[in-house]
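Asks: here are the coordinates; sequence isn't available:
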């Protein structure tokens, strides 16, 4: 995959306005269940603070319940610089934690060379490398080769969502539907993806740990006792 380094710089007295999750702009947000979703983009946009979107995905926070009594999810679409949209799905009552560019822009009060934001990646997979590049600045200059080795991270590992942790079969609809779900880890974040679904779900680390513990506690059933001879 071809990768780009997308950076925003401020030099001297220049004050630049703003133009991810994990690199991009909020496009839309919908809450509900398939066939019964409502637009909650204004509510979600209003919760962006300093470029960070962090809140609990509940009907109370979003101010609406489009499917009472059903387990809902929140779909958030982000547009990256290459024009690709990426969708993040958060189950109801999970924590939303995404990084976006602040609408209000950036401001630096000191003269010199500043990196406001920098993202590395391509084709919808960007990671924030702002702090990495800031530490590379010497005498108001930045010299680096744009590749995984020098930037220090691969934004799109071969698995497409981090290292696999485990697979699980999820049963729903009173046992009539069984789906394979793959759990992966990238950095300190966990994700889950249905085998036949496009959405990637952000999973709380404690939830993954609880699942792993529950699986490790499962013991093999004892063999049935031999039938008594008559």
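Replies: Sure thing, it's come through. Nothing here was measured: the structure is a model prediction, and the numbers come from that model.
Asks: So which residues of the chain form strands?
Replies: Here the chain has its strands, by DSSP state E, at 4-11, 25-33, 36-39, 48-49, 52-56, 73-79, 85-91, 95-99, 113-122, 125-128, 163-172, 177-186, 189-194, 200-203.
Asks: between the ones you listed, which gets nearest to residue 142?
Replies: Of all these, it is strand 113-122 that lies closest to residue 142, at 7.4 Å by Cβ to Cβ. Heads up, the C-betas are built off the backbone N, CA and C, glycines and all.
Asks: Could you pick out the longest helix of the protein?
Replies: helix 205-216 (DSSP state H).
Asks: quick one: that helix to strand 189-194, angle?
Replies: Relative orientation of helix 205-216 versus strand 189-194 (axes from the mean of the first three to the mean of the last three Cα atoms, to 10 degrees): 60 degrees.
Asks: starting at the chain centroid, how far to helix 205-216?
Replies: 20 Å (Cα atoms, centre = their mean, to the nearest Å).
Asks: going forward can the numbers begin at 30, since that is how I track them
Replies: Sure, I'll start numbering at 30, so the last one becomes helix 234-245.
Asks: report the angle between the axes of it and strand 192-201?
Replies: 70 degrees.
Asks: Helix 234-245: which residues count as buried?
Replies: Neighbour-count burial for helix 234-245, counted by 16 or more other Cβ atoms under 10 Å, picks out 237, 240.
Asks: returning to that earlier point: adding mean pLDDT, write the strands of the chain out as a markdown table.
Replies: Conversion of the strands of the chain to a markdown table gives the following (pLDDT from 0 to 100):
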| stretch | mean pLDDT |
| --- | --- |
| strand 33-40 | 48 |
| strand 54-62 | 92 |
| strand 65-68 | 95 |
| strand 77-78 | 84 |
| strand 81-85 | 89 |
| strand 102-108 | 90 |
| strand 114-120 | 88 |
| strand 124-128 | 86 |
| strand 142-151 | 75 |
| strand 154-157 | 73 |
| strand 192-201 | 78 |
| strand 206-215 | 81 |
| strand 218-223 | 78 |
| strand 229-232 | 75 |
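Asks: Before I go, just wanted to say thanks for your time.
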